[in-house]
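Participant: sequence below, structure please.
(chains A and B)
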Amino acid sequence: MAEPVISMQGITKRFPGVVALDNVSLDVLPGELLAICGENGAGKSTLMKILSGVYQPDAGSMTLAGETVRFANTRAAEEAGIAIIHQELALVDDLPVLANVFLGRERRNRFGLLDERSMARETARLLETLECGVSPSVRTGSLRVGDQQLIEIAKALSLDARILVMDEPTSALTESESARLERVIASLLARGTTILYISHKMEEVFRLADRITVLRDGQTVRTLTKEETSPREITSLMVGRDIDDASAMPARSPAEPVLEVKGLHLPWPGHVRGYRLDDVSLQLRRGEVLGVAGLMGAGRTELLETIFGASDPTWRGEIRLRGQSVRFAHPSEACAAGIAMVTEDRKRLGLFPDFDVAANVSLSSLERARRGGLVSRKAEEELVAEPIRATGVKTPGPHAAITGLSGGNQQKCIIGRWLLTQPEVLLLDDPTRGIDVGAKAELYALIDRLCREGLGVILTSSELPELLTLSDRVIVLAEGRLTAELSRSEATEQRIMEAATGG
Amino acid sequence: MSENHTAGRRWPAWSSEWTLLIAVVVAVIATTAIDSNHSYLYRPLESLRDIARNTALLGIFALGAAVVIIAGGIDLSLGSMIAFSGMVCATTMLALAPEAMMASKPVGGWVVAAGIGMSMLAGLAVGTLHAWLVTSIRLPPFIATLATLVGLRSLARALCESTTAAITPSKSAQIYVADPFFKMLRDNVWISVAVFALLAIVTWVLLTRTILGRHLHALGGNEDAARLAGIRTENVKWFAYCFSAVTAALAGIFYVANESVAAPVNQGRGHELNAIAAAVVGGCSLAGGVGTVPGTVLGTIFLRVVIDAVSKVIKTGADVYEGLIVGVVVVIAVTFGQLGQRAGSRRLLPGPLGLAAIPVLAIFCGGTFGMTSGTTTGVAAGVVALGLLVGLRAWESRSAQAG
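Facilitator: Below you'll find the predicted structure:
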């Protein structure tokens, strides 16, 4: 076996409240395509960002062709011949293609001015090798995502990158664009480039990869050659946790349906797929937790936002609340009708950092803290006391700074805000993201209790054990479509993962 | 003060209100001492009246600017709104009582009321236009109000010319207003002060004690989250822009009264920036969500006191330096505000840019002193500034290495 071109040993990376990578080791052989697989949050992207200098590891070492290296930034990694193509492309939309390819390394002519001609020539040459027919001088933002991706690759090639990291490159591509990308990958491999390839799509992985590494919960599970394994084995390695840590809660007894969605279609103008959601139907009963599983970009958030009146209002289909057909133009209407939504991105879409705890909790029900037309501080304190107690927020007092609380307690405050509106349907979009294990257990107990009190809950989560623990039923979305509906007894991580990657 | 939560939000531990109050007192004492005429000592009432008039006039629409800034927007059009409002008032009165207006005679109470009423309606109309441009057309507030900043003044001039051409013997670029009601507004400074005080109290109650006020803060603090919390953000924005335009319309009435003329070419020109400066000096964050009425009021007072102080000290041509003073006060106030929030974590003169800033600042400083106090003082001031800045740079470099 050849000497590894990259060897990462004992890499550990912590973020506030979470260990993203825990003692991960990885060897990459020269000229191979190593696929890296894992669930959302398994640490794939973090590992690749460490390799390419975006992040610095807290512990561990890295060797490149036998020499120990440590990249302070992406520039250092690029100089060592490692380039990354991020899932979210990092191009300046308003600049022409050639300017993006040479961004930060612009060529100059003998007068010190930009040497557009030489850059254009080089860009055109690179794009030709990539079967990409776009002109070097067109505005980058006017190109399709598939072409933009090839421009990222052209940029990497212009750096003479010997090692290329690709983070889910086909997630936004059409079939023909994906096929072209696969041909490009084959020709890069033939030239001796080493490729690390992150993907969820088993089919693709098994077509391209020489070896496959599976990450789970920030740890390396195994590295296998393609010949000695199967898509089924990889999927089960990706999810394979001890079954008892997904121990389900005692069965609940759901009552009558409260919310029904029929044939929901949410268009996505300008995207190759044309829709964010297509033909999605579901039914939610009182006292039931309905889990919505799906990979990133499958449409989980869009589904909840459409129900809540927060997405663009061009959707088709029907939403019935308590038997009545509804169509909310604004979250405030959904809120008045008894629907509440705890958003996915707590910092960006939920919290008011300038407000104290009480103001964060009371915001959606302030009219209940009014005395004689004015907001009374005392009435507000009384109003928020109950939800703070019910959700178990640990705070020094109602007027403490919200930013001083832990993520779990902030999330409880937001749930408390919605409980004050006395909802019948609670939409929870990945409510435990970035929350530590102890707080998660408390949130699970809270959700279970609310549900037993008669609330209907729709829960999305990027963590399968969480869905299995909490849900009475699970529906699975893949690329905007419903691919499975599983009862509590049918739902396993294996089956959900198969349905989520099958799209 | 740092534990004050009546606003339903966290006050910064470092409170800009107290600092500003101290700064105002220091500025007054310093001026009393430095001013060779000692006018604060010998003519205290007169000095107070000058400052009070200027403060009230600026403060009225600085409150409007602050409300929009707290709601996460910006209103650049206030100065033109002042001119437009004054013009609307004057043309309304001219149309209703042409003879009295042309003869500089009293026009009658209901005509004055109609003029002022039309001005307030003009404020509502402009505010509504802003809100529509910002929420429905989705223009950035900067662009929407930049357009009206330019457009309203022009519109006011056109209104003046077409009305005077139609009613009076000749086309004119201004309309004189001689009604006793406006004379009374001019001669009784306490009226503008009382209006300012009342407006400040109303705004303060609005921002701290009403649902709308909470929603204004929420909108400025996190617009997406506010919408998802069920707040009708477009209605809140409508209120903010209308409030702002109406305060400017109100100020416009006082401008007409003070100058006895509605003169759209220059009235209120550039004053939008003074109002924004007052709000920012008073602790409003242009990022939105943060700001108080007491802060804005103190910011306005501080700004006017410093302007008055400089005019007292350098005696002649003080209005030339007004812009310079506002600029310097804003930079210093916000710089110190930021330093207070994250103490010691930042250098003022880092790297090559810091080095380049040293001669620039020294030359500005020396030049300003040279023009106001003579060449010798100017050179001395420049050299002292250079010495201080070089010292600061050296100190910062050393502590950066040590850290």
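Participant: which parts of chain B belong to which domain?
Facilitator: Domain assignment for chain B by automatic domain parsing gives B:16-346, B:348-403.
Participant: with chain A instead?
Facilitator: According to automatic domain parsing, the ranges for chain A are A:6-243, A:348-422.
Participant: which other residues reach stretch B:363-375?
Facilitator: By CB atoms under 8 Å, 6 or more residues apart in numbering or on different chains, the residues outside stretch B:363-375 that reach it are B:314, B:321, B:324, B:377-383, B:385. In short, each C-beta sits where N, CA and C put it, glycine included.
Participant: and of the residues you listed, the nearest to A:I36?
Facilitator: Checking the contacts of stretch B:363-375 against A:I36 by CB to CB gives B:A385 as the nearest, at 58.1 Å.
Participant: check which helix or strand covers the residue lying closest to the closest one once chain neighbours are set aside.
Facilitator: Nearest non-adjacent residue to B:A385, counting by CB to CB, 6 or more residues apart in numbering or on different chains: B:C365, 4.1 Å away. Secondary structure from DSSP states H and E places B:C365 in helix B:351-373.
Participant: buried ones in that helix, by neighbour count?
Facilitator: B:354, B:358, B:361-362, B:365-366, B:368-370, B:372 (16 or more other CB atoms under 10 Å in any protein chain shown).
Participant: which SSE is A:E318 in?
Facilitator: A:E318 belongs to strand A:316-321, assigned by DSSP H and E.
Participant: which outside residues touch that strand?
Facilitator: A:258-265, A:279-280, A:306-307, A:325-327, A:337-339, A:425.
Participant: just the buried ones among those residues, please.
Facilitator: Applying 16+ other CB under 10 Å to the contacts of strand A:316-321 flags A:258-261, A:264-265, A:280, A:306-307, A:326, A:337-339, A:425 as buried.
Participant: might you list the low-confidence residue ranges for the stretch 301-450 of chain A?
Facilitator: Applying pLDDT under 70 to the stretch 301-450 of chain A picks out residues A:436-437.
Participant: helices of that one, residue ranges please.
Facilitator: For the stretch 301-450 of chain A, applying DSSP state H, counting those that start in this stretch gives helices covering A:331-336, A:346-349, A:357-362, A:377-391, A:407-419, A:437-452.
Participant: just put these in CSV and tack on mean neighbour count and distance to B:V290.
Facilitator: Shown next, in CSV, are the helices of the stretch 301-450 of chain A (neighbours: other CB atoms under 10 Å in any protein chain shown; distance: least, CB to CB, whole Å):
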stretch, mean neighbour count, distance to B:V290
helix A:331-336, 20, 24
helix A:346-349, 17, 17
helix A:357-362, 28, 13
helix A:377-391, 17, 19
helix A:407-419, 24, 19
helix A:437-452, 16, 29
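Participant: distance to chain B for the ones you listed - can I get that in a markdown table?
Facilitator: A markdown table is the format used below for the helices of the stretch 301-450 of chain A (distance: least, CB to the nearest CB, whole Å):
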| stretch | distance to chain B |
| --- | --- |
| helix A:331-336 | 4 |
| helix A:346-349 | 5 |
| helix A:357-362 | 4 |
| helix A:377-391 | 6 |
| helix A:407-419 | 7 |
| helix A:437-452 | 19 |
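Participant: so what's B:V390 closest to, chain neighbours aside?
Facilitator: Counting by CB to CB, 6+ apart, the residue nearest B:V390 is B:I358, at 6.4 Å.
Participant: in this structure that neighbour contacts B:G351, no?
Facilitator: No. Counting by CB atoms under 8 Å, no contact exists between B:I358 and B:G351, whose distance comes to 12.0 Å.
Participant: strands paired with the strand holding A:E318, and their directions?
Facilitator: strand A:257-267 (antiparallel), strand A:324-326 (antiparallel) (DSSP bridges).
Participant: dump those strands to TSV, plus distance to A:G407.
Facilitator: Formatted as TSV, the strands paired with strand A:316-321 follow (distance: least, CB to CB, whole Å):
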stretch	distance to A:G407
strand A:257-267	28
strand A:324-326	33
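Participant: select, out of the ones you listed, the one closest to A:T403.
Facilitator: That would be strand A:257-267 among the strands paired with strand A:316-321, by CB to CB, at 33.9 Å.
Participant: next SSE downstream of that closest one?
Facilitator: Strand A:257-267 is succeeded, C-terminally, by strand A:275-285 (DSSP H and E).
Participant: ok and that following strand relative to strand A:257-267, angle-wise?
Facilitator: 180 degrees (axes from the mean of the first three to the mean of the last three CA atoms, to 10 degrees).
Participant: what residues of stretch A:51-68 count as buried?
Facilitator: A:51-55, A:57, A:60, A:62-64.
Participant: which ones among those residues map onto helices?
Facilitator: In helices, judged by DSSP state H, the following of the buried residues of stretch A:51-68 are found: A:L51.
Participant: I'd guess B:A226 is in a helix, am I close?
Facilitator: Yes. Judged by DSSP: H, G, I helix; E, B strand; the rest coil, B:A226 forms part of a helix.
Participant: wait, it touches B:H215, no?
Facilitator: Yes. B:A226 is within contact range of B:H215, at 7.0 Å (criterion: CB under 8 Å).
Participant: what do those two both touch?
Facilitator: B:V236.
Participant: more neighbours, these two?
Facilitator: Just comparing B:A226 and B:H215: by other CB atoms under 10 Å in any protein chain shown the higher neighbour count belongs to B:A226, 26 against 22.
Participant: lowest-confidence stretch among the domains of chain B?
Facilitator: Between the domains of chain B, the one with the least mean pLDDT is domain B:348-403; it has a mean of 89.
Participant: contact residues of the stretch 301-403 of chain B facing chain A?
Facilitator: Proximity of the stretch 301-403 of chain B to chain A, by CB under 8 Å from any CB of the partner chain, involves no residues.
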